[in-house]
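Trainee: I'd like to go over a predicted model; first the sequence, then the structure.
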Amino acid sequence: MKNLAIFASGSGSNAERIVEYFQNSATVNIKLFLTNNPEAGVIERAKRLEISIRVFDRQEFKSETIVDLLKENEIDWVILAGFLWLIPKNLVAAFPNKIVNIHPALLPKFGGKGMYGHFVHEAVIANKETESGITIHLVNEHYDEGAIIFQASFPVSSEDTPEDVARKGQVLEHEHFPRIIEQLITVK
Ligand code: GRF
């Protein structure tokens, strides 16, 4: 059995999709949600889905507290699904090539510190891009710089708003993220 922990800072729609995708799996267990945001929508989703959730603060995240919690729960893979903090070196070191992130743009474009959520979609529109998309990548200690595992794109029209870009991206995220995670877990 592979145990997964999912980190989210916001709504958690990707986290819920992942739970749904693996709910009948004999080999993958979504064991724990974690969030840095006590107001996050993912907390309500965890309650409804009956998944344990741990709210933590920056001090806990930077210390060994969260790494220890993941080890105590025998976590094999760490999934970042809309998690906004940089992953500290100790967590990267504890899960080498076992931390996966999804970014709502075609990295390396529109990535890096501060490029999340609406900031990404606004930049895509401001740059008059004719396409955008999603990137699923392994995580190292730099924002959005790990090895790219998967990308999918969609057209952006001149009439599109940042909200349109976000909506098109979320459709692709929900369609691909769980399946790519499954591929990664199965291969490695
Ligand atoms: C997604 O757009 C993802 O690409 C980005 O954060 C958002 C999370 O959305 N990293 P949700 O909380 O899973 O609904």
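Mentor: Structure received. Numbers count the residues shown, from 1 in each chain.
Trainee: report how many residues lie close to P96.
Mentor: 9 (other CB atoms under 10 Å). To be clear about C-beta, it is placed using only N, CA and C from the backbone, and glycine gets the same treatment.
Trainee: measure the spatially closest residue to F154 that is not a sequence neighbour to E64 for me?
Mentor: In space, not counting the residues next to it along the chain, F154 is nearest to K168; the distance is 4.6 Å by CB to CB, 6 or more residues apart in numbering. The spacing between K168 and E64, counted by CB to CB, to the nearest Å, is 40 Å.
Trainee: is the top helix by length along the chain positioned near the ligand?
Mentor: Looking only at the chain and at elements set by DSSP state H, the helix with the highest residue count is helix 162-187. Yes: using CB under 6 Å from any ligand atom, a contact is recorded between helix 162-187 and the ligand, made by G169, Q170, E173.
Trainee: was I right to think the first one contacts E131?
Mentor: No: taking CB atoms under 8 Å as the definition, G169 is not a contact partner of E131, at 11.2 Å.
Trainee: neighbour-wise, which of the two wins?
Mentor: When G169 and E131 are compared on other CB under 10 Å, the one with more neighbours turns out to be G169, at 23 against 10.
Trainee: for I134, see how far away the residue of the chain found nearest the ligand is.
Mentor: Minimum separation of the chain from the ligand (CB to the nearest ligand atom) falls at G82, amounting to 2.5 Å. The spacing between G82 and I134, counted by CB to CB, is 12 Å.
Trainee: residues of the protein that sit close to the ligand?
Mentor: 8, 10-15, 81-82, 102-104, 169-170, 173.
Trainee: hang on, the earlier thing: ok but the residue of the chain closest to the ligand is inside a strand, no?
Mentor: No: the assignment for G82 by DSSP: H, G, I helix; E, B strand; the rest coil gives coil, which leaves it out of any strand.
Trainee: OK, contacts around the residue nearest to K113 when sequence neighbours are not counted?
Mentor: Nearest-residue entry for K113: Y143, 5.1 Å, with adjacent residues in sequence omitted and distances by CB to CB, 6+ apart. For Y143, the contacting residues are L86, G111, G112, K113, M115, by CB atoms under 8 Å, 6 or more residues apart in numbering.
Trainee: quote the end-to-end distance of stretch 47-67.
Mentor: For stretch 47-67, the first-to-last residue distance is 23 Å (CA to CA, to the nearest Å).
Trainee: might you list the low-confidence residue ranges for the protein?
Mentor: Counting by pLDDT under 70, the chain shows low-confidence ranges at 188.
Trainee: which positions in stretch 65-84 come out as buried?
Mentor: Taking 16 or more other CB atoms under 10 Å as the neighbour-count basis, stretch 65-84 is seen to contain the buried residues 66-67, 69-70, 75-83.
Trainee: wouldn't G112 be in contact with V120 here?
Mentor: No: using CB under 8 Å, G112 makes no contact with V120, being 10.2 Å away.
Trainee: which one's more surrounded, the two?
Mentor: For G112 versus V120, the count of surrounding residues by other CB under 10 Å is larger for V120: 21 against 13.
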